[in-house]
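>>> Got a predicted structure plus its sequence, pasted below:
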Amino acid sequence: MTQRLNRKQFLAGLSALGAGAALAGSGRRGAVAAERSAPFGATEEAADFVVAARYADLPPDLIALGKKHILDAIGLAIAGERAESGPIVRRYLGDLGVLGGPSTILGTGLRAGPRFAAFANGVAIHADDFDDTQLAVAKDRVYGLLTHPTVPTLPAALAVSESLGKSGRDFMLAYHLGLEVTTKLAEAIAPRSYESGFHATSMCGVFGSAVCAGKLHGLDAGRLRNAFGTAGAEASGLRENFGTMTKPFQAGHGAEAGIVAVDLAALGWTAAEDIFEAKRGFFAAFGGGWDPGAMVGRLGKPWSLLSPGVSIKPYPSGSLTHPAMDVMAGLIAQHGLRAQDVAQVRVGTNRQMLNTLIHHRPTTGLQAKFSMEYCMAVLLVLGKAGLGQFQDDVVGRPDLRDMVGRVDFYNNPEADAAGADKMRSYVEVRLADGRVFTGQGDFATGSPQKPMSFDDAARKFQGCAEFAELPRSKADRIVAAVQNLEAVADMRTVFAGLFA
């Protein structure tokens with residue numbers, strides 16, 4: 001039987017932690033090693049937080065900010081159905097015989113049961129690696145490499161809201177709660193998790209999906225804890241799959257599995273009720289430890305979407321490429337740079353960025369998203385880097401391959417010294433005539449430091465809709481619906497007739 005703590009015992013456990021506890025080898029203040037599994041009650045606290053939350057608890061600025069991220073994800077789902085993975089997912093669901101149901105598969109005329117619609121939409125949102133990115137601020141974390149928090153949560157919130165006929169306010173509350181739990185888990189788990197190769201988006205996001213579904217179904221705290229335990233059994237994802245279809249599959253799986261966990265818990269299914277902090281639980285198994293101070297007592301204090309923030313991507317590539325891409329775009333505009341005049345480009349970053357952007361001579365669009373060399377080359381050769389520039393046939397162009405060969409991506413010790421909590425990028429462009437232009441960037445457009453407005457997010461959405469050949473009138477209808485989600489009485493009406 002799971003041990004339950006009253007508030008006095010819980011606070012005593014926190015006090016026992018002390019300022020000196022540390023995860024061996026991480027240097028992170030306040031971290032708890034797996035061997036020292038103390039009952040800090042994170043699972044119970046998360047369940048209680050979700051059950052107690054009401055729409056009125058959401059700050060107005062959080063609601064406004066959330067609408068940008070919701071619109072962004074919907075546009076990415078619509079565009080993502082055009083990716084090579086889209087037809088495969090649709091055929092897979094058709095072969096299973098699960099098409100037909102209450103929940104929309106965005107960008108298509110198809111519907112399915114909530115778990116399958118969430119899977120399809122999760123894959124589509126992440127297919128182009130163009131979705132929002134949680135930002136780390138702790139010195140032992142890699143800035144931008146925590147999670148893509150909307151992709152496992154929004155599909156679950158949308159699919160279940162449609163299946164139950166919930167209001168726009170219900171949908172937004174579930175989405176914000178799911179995103180908050182996902183991001184706090186990612187902040188709390190020890191850095192070893194990412195460094196060992198786990199994909200945090202799906203690994204942490206499955207719990208965010210469970211939060212969304214559990215809140216909308218009205219689960220009590222006990223059943224939600226059981227749902228968390230089952231979701232923990234489905235937590236997964238490996239970074240080695242980056243640059244393949246399985247990276248978005250992992251996100252879609254997280255969105256689906258959280259719904260499954262809630263469906264089972266609602267029927268009385270049981271699981272470990274302390275799955276986060278247990279000695280053999282989530283934090284211990286996936287991270288080897290965790291920082292209670294990053295999660296315990298922190299849910300909604302502040303909301304992660306508000307601080308430190310979640311970035312909306314300006315380019316459909318790995319977020320670590322974006323500061324350098326902003327710098328390169330600025331140098332091109334300022335100096336009129338042309339690819340044929342460039343002898344060499346050098347981009348220096350910290351070791352973690354070099355360790356993640358692993359495709360130095362990409363041959364596919366998916367690989368190109370994780371290639372700093374390609375991202376520099378495509379801006380110089382084509383002058384833009386949108387969805388259309390990360391397609392297989394474009395990546396294979398001789399002029400682009402030639403330019404990629406002139407880009408040197410290296411580890412710069414000064415970037416390491418600047419800290420992993422930013423994406424310090426040094427860009428140097430050397431022309432054939434001997435002139436050299438340089439620039440430096442830490443943050444990209446769309447980050448909290450350089451935020452997009454709702455209109456900016458709407459322009460990105462319209463670009464995705466245009467890429468998917470969705471008529472402008474239908475795209476405008478979606479933008480208006482998201483702007484006024486609090487007035488939507490039934491989420492089943494939002495996409496009715498749009499994709500048939």
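Arrived safely. Every value quoted in this text rests on a predicted model; they were computed, and no experiment measured them.
>>> Show me the helices in the stretch 151-300 of the chain, by range?
Taking DSSP state H, counting those that start in this stretch to define them, one finds helices in the stretch 151-300 of the chain at 168-188, 192-196, 200-217, 221-234, 246-266, 282.
>>> Need those in a markdown table (columns: mean pLDDT).
Below are the helices of the stretch 151-300 of the chain laid out as a markdown table (pLDDT from 0 to 100):
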| stretch | mean pLDDT |
| --- | --- |
| helix 168-188 | 97 |
| helix 192-196 | 88 |
| helix 200-217 | 98 |
| helix 221-234 | 98 |
| helix 246-266 | 98 |
| helix 282 | 98 |
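>>> most neighbours per residue, which of the ones you listed?
Of all the helices of the stretch 151-300 of the chain, helix 200-217 has the most neighbours on average by mean count of other Cβ atoms under 10 Å, namely a mean of 32. In short, each C-beta sits where N, CA and C put it, glycine included.
>>> now for that one, which elements pack on it?
Packing contacts for helix 200-217, counted by 3 or more Cβ pairs under 8 Å, 6 or more residues apart in numbering; DSSP states H and E, involve helix 42-52, helix 114-127, helix 150-164, helix 168-188, helix 192-196, helix 221-234, helix 246-266.
>>> Give me the distance from the first one to the chain's centre.
When you say that, I think you mean helix 42-52. Mean-position distance between helix 42-52 and its chain equals 22 Å (Cα atoms, centre = their mean, to the nearest Å).
>>> Same check on the second one?
Mean C-alpha position of helix 114-127 versus that of the full chain (Cα atoms, centre = their mean) differs by 13 Å.
>>> Repeat that for the shortest one.
Between the centre of helix 192-196 and the centre of its host chain there is 17 Å, according to Cα atoms, centre = their mean.
>>> CA atoms only for it, dumped as CSV, please.
Extracted as CSV, the C-alpha positions of helix 192-196 are listed here (Å, rounded to 0.1, in the frame of the first residue of the first chain):
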residue,chain,number,x,y,z
ARG,A,192,21.6,12.9,-16.7
SER,A,193,18.3,12.0,-18.3
TYR,A,194,18.9,14.2,-21.4
GLU,A,195,22.6,13.5,-21.5
SER,A,196,21.9,9.7,-21.4
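>>> before we move on, the earlier item: between the helices of the stretch 151-300 of the chain, which one is nearest to residue 454?
helix 168-188 (14.8 Å; Cβ to Cβ).
>>> Relative to the whole chain's centre, how far out is the closest one?
Helix 168-188 has its C-alpha centroid displaced from the chain centroid by 12 Å (Cα atoms, centre = their mean).
>>> Who are the packing partners of it?
Here helix 168-188 touches helix 42-52, helix 60-80, strand 133-134, helix 150-164, helix 200-217, going by 3+ Cβ pairs under 8 Å, 6+ apart.
>>> angle of it against helix 246-266?
Interaxial angle of helix 168-188 relative to helix 246-266 (axes from the mean of the first three to the mean of the last three Cα atoms, to 10 degrees): 110 degrees.
>>> Need the three-state assignment for residue 410.
Using DSSP: H, G, I helix; E, B strand; the rest coil, the structure places residue 410 in strand.
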